[in-house]
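Student: Quick one: sequence plus predicted model below, questions after.
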Amino acid sequence: MSNPNNPCLFCSISHSESVHENDFAYVSYDSYPVSKYHCLIIPKRHIKDYFDLSNEELIACNNLIKIIKKEIINKDKTVKGFNLGTNIGSISGQSIMHCHFHLIPRREGDVANPQGGVRSVIPLKQHYKRKI
């Protein structure tokens, strides 16, 4: 089994594999998508996680997130929502130690009960009852 961190998979992606890019980041479709058009927004500089991003890199990533979101909605009218997230550290599930954001398109009925959204990273905490 190859190690995606040696060499870093995201530092080795060819520009022809990116969907969009700017001076500080690029977009690529996920190799193991959760849903159709699941993509990754990746800073070009090799940094471990979100907390290491410069302001310029954060703005560049945000700009690409907005561009690819609009493009996905134009391609697929069944997309009605998104999950946007990043894993920080191996304990949270980060497997490639190069900062990246997941933009996951969501469609009505793709799960039985979407309540809790990103809370489902801890399955027993996903569904909850609101206190009055």
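Tutor: Good, I have the coordinates.
Student: Under the pLDDT cut-off, which ranges of this structure? List them.
Tutor: Across the chain, the ranges flagged by pLDDT under 70 are 1, 15-16, 125-128, 130, 132.
Student: Now do the strands in it.
Tutor: Using DSSP state E, the strands of the chain run over 20-21, 25-29, 39-43, 79-85, 101-107.
Student: can you state the direction angle for the last one and strand 79-85?
Tutor: It refers to strand 101-107. Counting by axes from the mean of the first three to the mean of the last three CA atoms, to 10 degrees, strand 101-107 lies at 150 degrees to strand 79-85.
Student: quick one: contacts of strand 101-107?
Tutor: The list of residues contacting strand 101-107 from outside it, by CB atoms under 8 Å, 6 or more residues apart in numbering, reads 30, 34-42, 61, 65, 68-69, 72, 76, 78-86, 114. The way it works is simple: take the backbone N, C-alpha and C, and place the C-beta from them, glycine included.
Student: now do the fourth one
Tutor: Strand 79-85 is touched from outside by 37, 65, 69, 72-73, 101-108, 117-118, with contacts defined as CB under 8 Å, 6+ apart.
Student: Between all of those residues, which two are at the greatest distance?
Tutor: Farthest apart among the contacts of strand 79-85 by CB to CB are Phe101 and Glu108. That separation is 23.5 Å.
Student: neighbour-wise, which of these two wins?
Tutor: More neighbours surround Phe101 than the other of Phe101 and Glu108, with 20 against 9 (other CB atoms under 10 Å).
Student: I'd like to know how many residues surround Val79.
Tutor: Neighbours of Val79 under the rule other CB under 10 Å: 19.
Student: do the same with the one 3 residues further on
Tutor: Here the count is done by other CB under 10 Å, and Phe82 has 20 residues near it.
Student: just checking, what packs against the longest helix seen in the chain?
Tutor: When the chain is parsed with DSSP state H, its longest helix is helix 55-75. On a contact count with 3 or more CB pairs under 8 Å, 6 or more residues apart in numbering; DSSP states H and E, helix 55-75 meets strand 20-21, strand 25-29, strand 39-43, strand 79-85, strand 101-107.
Student: hey, which of these is tucked in deepest?
Tutor: Comparing the helices and strands packed on helix 55-75 on average neighbours per residue, with mean count of other CB atoms under 10 Å, the densest one is strand 39-43 at a mean of 24.
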